[in-house]
Structures are given as structure tokens and as C-alpha cells.
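Engineer: Let me see the structure of the following:
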Amino acid sequence: MLSRIERPEAGPFIDASALFHESVYAFVTLKDACGTDEPALIRFLEERGCFCTRVHRVEQVHSGTVVDADRAPCKADGLLCNRPGEAVRVVTADCVPILLATKDGRRIAAVHAGWKGTLAGIVEAAVVRLRAGNESGVSAYIGPAIGACCYAVDEERYGAFRDTFPGWVGGGRPVLDLPALNVRMLKRAGVGPDDIHVEDRCTACSIGLCCSYRRDGEAAGRMAAVVGRRR
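Structural biologist: Now for the predicted structure:
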């Protein structure tokens, strides 16, 4: 049964650490919580007892590319890491942030799945890379993203999703539910339903709490989704 998280934050952030192995921490910073650069996130993590020497990032380009942290910074939309004391992060303002970890806590990943990344199956690519040579399984957390309630698209984009995901998209008005599509892909990649946790919040609807580019345009700001291994 799919676990849906409604109000897990204790302040202007979401702490999803309990969803993962005890050696893994996971957070999403909400609107105006702190900066999204490495120094700001290191301070944010240290304030929560998660001492971190590096927060790796990529130049997000709405792709299906997943890279190891050693290659960052580079153009990509998914990052993997296996070193204690380090973290990976993506930033979003409507796109789907997905945090992943193997169930033994040895490997972690952060994924930025906008409509292009979702169409390219980036989350499946990340799970395949994460599980390579590791049989412990994967846990996944999908953070706040724009919901079908607010994500109407044009017929061309809708048709591309309908063609790529036959049976998953279709009927009614042309809207996309990107979190739901990524859930389906996680399951197709072998992640069990009980290991998929979804934040039940639309960024565009959550005025004052979440950043939303569709709602606020260039003034939207960004939220950081970060996952790391404890030292």
C-alpha cells in the first residue's frame, strides 16, 4: 500500500529521514527555509545533527541523465553518492524531487524529475544505477511537486506522454500527474509499494509554504531536496 505523507515537517522544512535506513538523512527545505547553495545547506544540516563535508549538486537541464557525485558539478538531473559524510541535492519549484537510498543505507541518490525528465524515465535510470551490485532494495521519497489539479498542458505535450506511457495517461482534460507517473516508474523498476512514500501536497496550491514557478514565475525561489549518509 502506498504511504502518503501529509504533514511531516517541524518548521519550514520536511524531515523524511525516518523513511530510510538509520545511517541516511533526508530533508526538503520549503519556501524561505534557507539558501540552496552548499554552505547554506551544510549549516542547515549541522543544525539538525547531520554533519556533512560536501553537498554535491548538478546543473539541472531537464534531462534523463544520472551521474556519480565524483562528476559533479556537471549538466545532469540525478546524482548518486556512496560516501559517508557527504550528501547530494536537487532544487525544485514544481518539478518532482525524488530522494532514494538502498535499504542498507550504503548508496543514496537525488533526482530532479520535471516533465522532460519524467518523460525520459530518469527515476528508473537512477534506481538501476543505485541497485547495481546491491541486493538490499531501494526506498524512495517523492517530495512536494505540482499536482494534476494545477498542471494543465498543451495537446502536444500531453500526446507525448500518452504515447510514452500508454494506459497511464489518457481521458479527460490534458493534465499531467507527474508524481503519480514517477510512482509507476518506481514500481516498474522494482521498488516495492511499501517503500515508496509520497508527499501529499501540490506546490502551486501551497501558497506561502512551497515554491512554485507556475504560480509565481521568476519570483518563485527554489526548494532543496537533500539526502546524505551520516558519518
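Engineer: quick one: the strands in this protein?
Structural biologist: 3-5, 13-15, 24-29, 54-56, 66-68, 78-81, 86-92, 96-102, 108-113, 138-142, 196-199, 223-229 (DSSP state E).
Engineer: among those strands, which gets the worst mean confidence?
Structural biologist: The minimum mean pLDDT among the strands of the chain belongs to strand 3-5 (a mean of 45).
Engineer: Can you list the low-confidence ranges for the protein?
Structural biologist: The model of the chain has pLDDT under 70 over residues 1-11.
Engineer: All the helices of it, in order from the start?
Structural biologist: With DSSP state H as the criterion, the chain has helices at 38-47, 115-119, 122-131, 155-164, 178-188, 213-216.
Engineer: Let me have the ones you listed in CSV, adding distance to residue 100 as columns.
Structural biologist: For every residue, glycine as well, the C-beta is placed using N, CA and C. Shown next, in CSV, are those (distance: least, C-beta to C-beta, whole Å):
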stretch, distance to residue 100
helix 38-47, 18
helix 115-119, 14
helix 122-131, 6
helix 155-164, 22
helix 178-188, 9
helix 213-216, 24
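Engineer: For residue 197, find the nearest of those helices.
Structural biologist: helix 178-188 (9.9 Å; C-beta to C-beta).
Engineer: any chance of the helices of the chain in JSON lines, plus mean neighbour count and distance to residue 15?
Structural biologist: Below are the helices of the chain laid out as JSON lines (neighbours: other C-beta atoms under 10 Å; distance: least, C-beta to C-beta, whole Å):
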{"stretch": "helix 38-47", "mean neighbour count": "15", "distance to residue 15": "11"}
{"stretch": "helix 115-119", "mean neighbour count": "22", "distance to residue 15": "25"}
{"stretch": "helix 122-131", "mean neighbour count": "22", "distance to residue 15": "22"}
{"stretch": "helix 155-164", "mean neighbour count": "14", "distance to residue 15": "32"}
{"stretch": "helix 178-188", "mean neighbour count": "20", "distance to residue 15": "19"}
{"stretch": "helix 213-216", "mean neighbour count": "17", "distance to residue 15": "24"}
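Engineer: that older thread, nearest to residue 159, out of the strands of the chain?
Structural biologist: Among the strands of the chain, strand 108-113 sits nearest to residue 159 (C-beta to C-beta), with 19.6 Å.
Engineer: quick one: the closest one to strand 86-92, angle?
Structural biologist: 10 degrees (axes from the mean of the first three to the mean of the last three C-alpha atoms, to 10 degrees).
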